[in-house]
Every structure is written in C-alpha cells, then in structure tokens.
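Novice: here is my input; please provide its structure:
(chains A, B, C and D)
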There are 2 protein chains.
Amino acid sequence: MTVDVKKMACDTVDKSADKLSTRNADVTRQKILDTAFEEILLKGYQGLRVDGVLKKTGLTKGAFYHHFVSKKELGHAVIDEVLRPWIYERWITPLQNIEHSIDGLIELLKEARDEMTACELHTGCPLNNLTQEMSPLDESFRTRIVAIWDEWHQALAELLERGQRLQQVKTSLKPKNVARFLIATMEGIIGQCKCYMSDAAFYDAGECLQDYLESLRA
Amino acid sequence: MTVDVKKMACDTVDKSADKLSTRNADVTRQKILDTAFEEILLKGYQGLRVDGVLKKTGLTKGAFYHHFVSKKELGHAVIDEVLRPWIYERWITPLQNIEHSIDGLIELLKEARDEMTACELHTGCPLNNLTQEMSPLDESFRTRIVAIWDEWHQALAELLERGQRLQQVKTSLKPKNVARFLIATMEGIIGQCKCYMSDAAFYDAGECLQDYLESLRA
DNA sequence: AGTTTGACAGACTAGTTGGTTTGTTATTAA
DNA sequence: TTAATAACAAACCAACTAGTCTGTCAAACT
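Specialist: Prediction:
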C-alpha cells in the first residue's frame, strides 16, 4: 500500500479544519447530532422537528436522510453518540477520579451547583428529560436510556464500596441503595430548579443533601 | 325569585345521574378534561392530540371547541381542574392530617410505595411530568405548575415546623430546605421507577429516605 | 306554542411534518 | 482522464393536526 503525501495532507488538514464550507460527511453528521441534541434538550424528542434541525444547520432534507433513515434513528444516535458521552464526561468519569468518597461527592455536588449556568437551569438534565418523556412511549428509547442510568448507578455504587473498604464510609449501609437514592435526589433537585428557573432549590435542598452525605461517614 | 320544584328536580336528578346519554354540558366538559389528563400523563402535552381525546370520548370537534377555545386552554384547564386537585388529594391534604411529623411522613412514604400500581409505575408523577416538559416551553404553563409546587412545599414545611414546636423534629434544621429536599427526592425516586418500569428503585432508595427521615427526629 | 339559545355534529381548511424522489456536484478509485 | 459513488440540494407528497364553519336538535324562556 502506497502512501500519498498529498492525500494525507488532504485527510488531516482539509477535512478537520480548512474544508469547513465544502463537503465533509463526518462534520455534517455531527452537526445534525449536536443540533438535534440541543433541540431535544429544549423541546423534547416529540418537540424536535427535522425541519427545525435543517434550518438551524443550513442543511437540507437530502443531507439529513442521507445520514439518517428516520427521525427515530436520529433520536437513537443522539442518545448513543451525544447524550451518553455527555453523561460520562459530566457525571460518571468524575466519580472514578475521586479519592475520598464522601469528600469527593460533596466537592462534586458543589461543582455541579456552581457550574449550573442560566441555560442549564431551565433545560434540566438531558438524560432525565428524555427518560420522563420517552420511557412510557417507546421501548427502544427506554432500553438505551436505562442502560445509561445503570452505568451511572454502578459507578456510584462502586465509589461507595471503595469508600467502605477504605473505612471512609459506614459499612452498615447498602451502596446500591445509597447510590440510587443519591441519583434520584440529584435529579429531583435539578428538576425543581428547572421549574423555578432558579438555583435556589439547588442551594436549599443541597444543604440537606450535604448533611446526608456527611451522615454516611464511617 | 320563585322556585320551581319541577325545575329543581330536573337540575339535581336528571343532570347528574339519569341523563347520561343526552346532553349535559358539565358532564361533557369533565369527560374531555379527564381524558385529556390521562393522555397527557401518558404522552405529554405535546403528544396530546385533540382528535385523540375526541375519539376516546366519542365526541366531535363541535363539542370540543364549544367548551375550549384552544388546545392550550384545555391544557390550562387540566392543570387547574384535574391535576391540582389530584395533587391535593394525594399529597397535600394527607400532610395536614398527620399528627406526628416523622412517623406520619414515614407512614405516607410506605403508603405511596404500596399504592403505586403497575400503571402509575410507568407514567410517573403527573405534576413532575408536566413540569419537566412544559417549564422551558411555555410560561403560562410554568406559572400554573410552579404555584402547585409552592403549595405542596409550604404544606410540607409547615408540617416540619409543627413538628419542631412539638419537639418531634430537630430544631437545628431548616424546614423549608428539608421540605424542598424531600419533594425533590420523592420525585426523583418516582422518576427512576418510571424508567425501570419497576418499584425496585422505590424500595431501594426508599430505605435511605426512611433513614434520612429518622435522622430528623429531635 | 313558538322563539331563542346552548350544546353539540361533522365536513372542511390551511398549515405542518416526516419522509420520498429525482437531480446535481464534489470526491475518489481505476 | 474517466467512471463510479458518496454527499448532498430541493421540489414534492401523503398523512396528520389544530382550528373553522355551517347546520341541527333539544331544552329553556316567554
């Protein structure tokens, strides 16, 4: 196999940076995915309009249906390729970098509160939004979504188990139950913020959540 | 003002019971409201179809637009006349009948868990559903919804304050914060159940919630 | 009894929506 | 260089959807 230098240059330079205005399948597809994610975040999957995504991206029907066979498949792709990585980056990976379970969780809680921008305040958690909307409506969505919750739940439970082994966390409590409780509480608080369009709920309920986390110490 | 006995009889007997098959504005309107509530519970407001309600009720466009000027007004009416009373009956009024704050809340929690039918499991809480869907989309919905949350929150905070006065609840904690925390947690747990289509989350996280409630005792 | 009015019935409409089809152009393999 | 194909552009379509309009019929009013 021969290597063409000009072709290499084309692949690396042109495709990723220069050729923004010309054709690039990967960029186009990603643009659709990102825009759809934003739209779903604001209006839900049912409120998402294919035409709306096209208008926002400046693309056409031809481009869209070249990359996705249907709106439903777009929804699946958004979950797999945008939502899931987003949850990992924001909620799951940080758990794995925690040294002291309780201290780390309290720190994470504060970070989440402070990072909550005005925009996020009234859009809420994308995973929970989609869960509440789509779980009863479509099984293919629900199974994808439930898998993400499970990954998050497991990572949190493992953090607590680790804390127990390191004598940081009370051994009397059940990591899986506490993990479920913490996830539910976090999502519940974010949901309240969304409704009030204010982070006051996060500060108010957050105090109690912190007290609860303190009560878990060994 | 004269009172016609025959007219009285007509008003009370015929309209409310006998004349089920003939015209009765109140019954028709209520039938639309109840059906719309069910539809919203399952598919959300955006998924609600006027035609769908008509099909389920056996009514027609004429009947619908005689009682409601638009789909949006129907949504408002469902919130005011069905959802709000439902929340009161199920969550707020029971709070007011509690004697011992902590014991009563734990009891209420268990009742909620046991009363959770298979249907409710995958529909979730109607108030929270509508909150998550409509808060970012329509201000007229959000204000109506937020008022209900406030009423619930206040009733719960009052229960805790009462508990403090009666030496049942620690005086160190802030009733409003705890009330917000409890509501958020409850809704978060119900939301998890909806996704898993199982009450396991309710039992798992419920254990922790009970522990938390116990920790509030004076 | 006759008139008015409230409570519908149901055909119709204009705009939207997901999806199709046909054509065009840039890119790539031969 | 050329043929093939991937990546679109855009007109088009059928189904759906909220809302309208005209007509009907039963009950209340006079």
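Novice: quick one: low-confidence parts of chain A?
Specialist: Per-residue confidence for chain A (pLDDT under 70) gives these ranges: A:1-21.
Novice: can you map out the strands along it?
Specialist: Per DSSP state E, chain A has no strands. Nothing in it meets that criterion.
Novice: give the buried residues for the lengthiest helix in it.
Specialist: Ordering each helix of chain A by length in residues (DSSP state H) puts helix A:139-165 first. For helix A:139-165, the buried set under the neighbour-count rule, 16 or more other C-beta atoms under 10 Å in any protein chain shown, comprises A:141-142, A:144-146, A:148-149, A:152-153, A:155-164. For glycine as for every other residue, the C-beta is placed from the backbone atoms N, C-alpha and C.
Novice: from the residues you listed, which are also near chain B?
Specialist: Under the cut-off given by C-beta under 8 Å from any C-beta of the partner chain, chain B has A:142, A:145-146, A:149 from the buried residues of helix A:139-165 close to it.
Novice: what sits against the residue nearest to the spatial centre of chain A?
Specialist: Geometric centre of chain A, nearest residue: A:Ile87, 3.0 Å, by C-alpha atoms, centre = their mean. When the contact criterion is C-beta atoms under 8 Å, 6 or more residues apart in numbering or on different chains, the partners of A:Ile87 are A:126-127, A:148, A:151-152.
Novice: next, find the distance separating it from DNA strand C.
Specialist: Distance check for A:Ile87 against DNA strand C: by C-beta to the nearest atom of the strand, to the nearest Å, it reads 25 Å.
Novice: ok, now how distant is the residue nearest to A:Val50 when sequence neighbours are not counted from B:Thr171?
Specialist: Counting by C-beta to C-beta, 6 or more residues apart in numbering or on different chains, A:Val50 lies nearest to A:Lys71, which is 5.6 Å off, once chain neighbours are set aside. From A:Lys71 over to B:Thr171 the distance is 55 Å, taken as C-beta to C-beta, to the nearest Å.
Novice: in contact with the nearest residue to A:Ala77 once chain neighbours are set aside, which residues?
Specialist: Among residues not flanking A:Ala77 along the chain, A:Leu33 sits closest, at 6.1 Å (C-beta to C-beta, 6+ apart). Neighbour list for A:Leu33: A:74, A:77-78, A:81-82 [criterion: C-beta under 8 Å, 6+ apart].
Novice: again with A:Ile92
Specialist: A:151-152, A:155.
Novice: from the contacts of A:Leu33, which would you call buried?
Specialist: Among those, those classed as buried by neighbour count (16+ other C-beta under 10 Å) are A:74, A:77-78, A:82.
Novice: farthest pair within these?
Specialist: A:Leu74 and A:Val82 (10.6 Å; C-beta to C-beta).
Novice: give me the common contacts of the two.
Specialist: By C-beta under 8 Å, 6+ apart, the residues touching both A:Leu74 and A:Val82 are A:33, A:36.
Novice: quick one: the helices in chain A, in order.
Specialist: Assignment of helices within chain A using DSSP H yields the ranges A:5-9, A:25-47, A:50-57, A:61-67, A:71-78, A:84-87, A:93-96, A:101-115, A:118-123, A:126-134, A:139-165, A:175-196, A:200-214.
Novice: show me what counts as buried in the second one.
Specialist: Which is helix A:25-47. For helix A:25-47, a neighbour-count test (16+ other C-beta under 10 Å) marks A:28-29, A:31-41, A:43-47 as buried.
Novice: and DNA strand C, which of the residues you listed reach it?
Specialist: When the buried residues of helix A:25-47 are checked against DNA strand C using C-beta under 7 Å from any atom of the strand, none falls in range.
Novice: and the nearest residue to A:Trp86 once chain neighbours are set aside, how many neighbours?
Specialist: If the residues on either side of it in the chain are set aside, A:Trp86 comes closest to A:Pro126, at 6.7 Å by C-beta to C-beta, 6+ apart. Residue crowding around A:Pro126 was assessed by other C-beta atoms under 10 Å in any protein chain shown; the count is 20.
Novice: burial measure for whatever residue of chain A ends up closest to DNA strand D, as a count.
Specialist: Residue nearest to DNA strand D within chain A (C-beta to the nearest atom of the strand): A:Gly62, separated by 1.7 Å. When counting by other C-beta under 10 Å, one arrives at 8 neighbours for A:Gly62.
Novice: that one and A:His76: what is the separation?
Specialist: Distance, A:Gly62 to A:His76, using C-beta to C-beta: 21 Å.
Novice: check A:Leu173 too.
Specialist: As judged by C-beta to C-beta, A:Leu173 and A:His76 stand 37 Å apart.
Novice: about what we covered before: the residue nearest to the centre of chain A and chain B: what is the separation?
Specialist: 14 Å (C-beta to the nearest C-beta, to the nearest Å).
Novice: now do A:Gly62
Specialist: When A:Gly62 is compared with chain B (using C-beta to the nearest C-beta), they lie 27 Å apart.
Novice: which bits of chain A sit near DNA strand D?
Specialist: Selection of chain A residues close to DNA strand D by C-beta under 7 Å from any atom of the strand yields A:23-25, A:28-29, A:59-63, A:65-67.
Novice: so A:Val82 touches A:Phe37, yeah?
Specialist: Yes: with contact defined as C-beta atoms under 8 Å, A:Val82 counts as touching A:Phe37 (4.4 Å).
Novice: how far does stretch A:211-218 sit from its chain's centre?
Specialist: In this view, stretch A:211-218 has its centroid 27 Å away from the chain centroid, taken as C-alpha atoms, centre = their mean, to the nearest Å.
Novice: can you verify my assumption that A:His153 contacts A:Ala179?
Specialist: Yes: using C-beta under 8 Å, A:His153 and A:Ala179 qualify as a contacting pair, with a distance of 5.3 Å.
Novice: roughly how far does A:Gly104 sit from A:Pro175?
Specialist: Distance from A:Gly104 to A:Pro175, counting by C-beta to C-beta: 15 Å.
Novice: which of these two has more neighbours?
Specialist: In terms of neighbours (other C-beta under 10 Å), A:Pro175 is the more surrounded of A:Gly104 and A:Pro175; the figures are 21 against 18.
Novice: find the nearest non-adjacent residue to the more buried one, please.
Specialist: Nearest-residue entry for A:Pro175: A:Leu160, 3.8 Å, with adjacent residues in sequence omitted and distances by C-beta to C-beta, 6+ apart.
Novice: again, but for A:Gln210
Specialist: Take A:Gln210 and drop its neighbours on the chain: the residue closest to it by C-beta to C-beta, 6+ apart is A:Ile106, 5.8 Å away.
Novice: can you report how many residues neighbour the one you found?
Specialist: Around A:Ile106 there are 16 other residues, counting by other C-beta under 10 Å.
Novice: OK, contacts around it?
Specialist: Contact criterion C-beta under 8 Å, 6+ apart gives A:210, A:213-214 as the residues in contact with A:Ile106.
Novice: can you list contacts of stretch A:66-77?
Specialist: When contacts are defined by C-beta under 8 Å, 6+ apart, stretch A:66-77 is touched by residues A:25, A:28-29, A:32-33, A:36, A:40, A:45, A:48, A:50, A:138, A:140-141, A:144.
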